[in-house]
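> Below is the sequence, then the predicted model.
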Amino acid sequence: MEFSELELDDRLLKVVDEQGFRRPTIVQQEVIPNALSGFDILADAPTGTGKTAAYVLPCLQHIIDFSNKKLYIIKKIFIFLKYFIL
């Protein structure tokens, strides 16, 4: 499995690649898709197995997704104002 198969934003994939990570660890392969799907996660794995990235990458993806949705809503509001109020 590659990080690109985890449905992460291209910006996150670029940073992961720049840090030298080529393939997600087993814990990342299991956690990231479930976290992105909105499931609660409880993971137990030894130190150095990628638990922090498995937690942080979905959090950052959520922030990116939320920001994009928020921007989309703001654009729709301006379109509405332009055609119906102004």
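In hand now; what should we look at? All figures in this text were calculated on a predicted structure; none of them were measured in a lab. Numbering: from 1, shown residues only.

> distance of the closest residue to Pro24 other than its chain neighbours from Asp40?
Spatial nearest neighbour of Pro24, excluding adjacent residues (C-beta to C-beta, 6 or more residues apart in numbering): Phe3 at 5.6 Å. Quick note: C-beta positions are derived from backbone N, CA and C, even for glycine. Separation of Phe3 from Asp40 (C-beta to C-beta, to the nearest Å) stands at 23 Å.

> same check, this time on Gln28
Distance of Gln28 to Asp40, given as C-beta to C-beta: 17 Å.

> Name the residue in these two with the higher neighbour count.
Per other C-beta atoms under 10 Å, whichever of Gln28 and Asp40 has more neighbours is Gln28, with 27 against 6.

> Is that one in a helix, a strand, or coil?
helix (DSSP: H, G, I helix; E, B strand; the rest coil).

> wait, what's in contact with it?
Gln28 is in contact with 6, 50, 53-54, 57, counting by C-beta atoms under 8 Å, 6 or more residues apart in numbering.

> The residues you listed: which two are farthest apart?
Leu6 and Gly50 (12.1 Å; C-beta to C-beta).

> and for the two, which residues touch both?
24, 28.

> on that earlier part again, so how many other residues sit close to the residue nearest to Pro24?
Neighbours of Phe3 (other C-beta under 10 Å): 20.

> Got phi/psi on it?
The phi/psi pair for Phe3 (degrees, to the nearest 10) reads phi -60, psi -30.

> Can you verify my assumption that it contacts Arg23?
Yes - using C-beta atoms under 8 Å, Phe3 makes contact with Arg23 at a distance of 7.1 Å.

> Identify the residues contacting Ile64.
Contacts of Ile64 (C-beta under 8 Å, 6+ apart): 9, 11-12.

> As CSV, these with secondary structure and distance to Ser67 would be great.
Listed next are the contacts of Ile64 as CSV, based on DSSP: H, G, I helix; E, B strand; the rest coil; distance: C-beta to C-beta, whole Å:
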residue, secondary structure, distance to Ser67
Asp9, coil, 10
Arg11, helix, 11
Leu12, helix, 13
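
> No further queries at this time; thank you.
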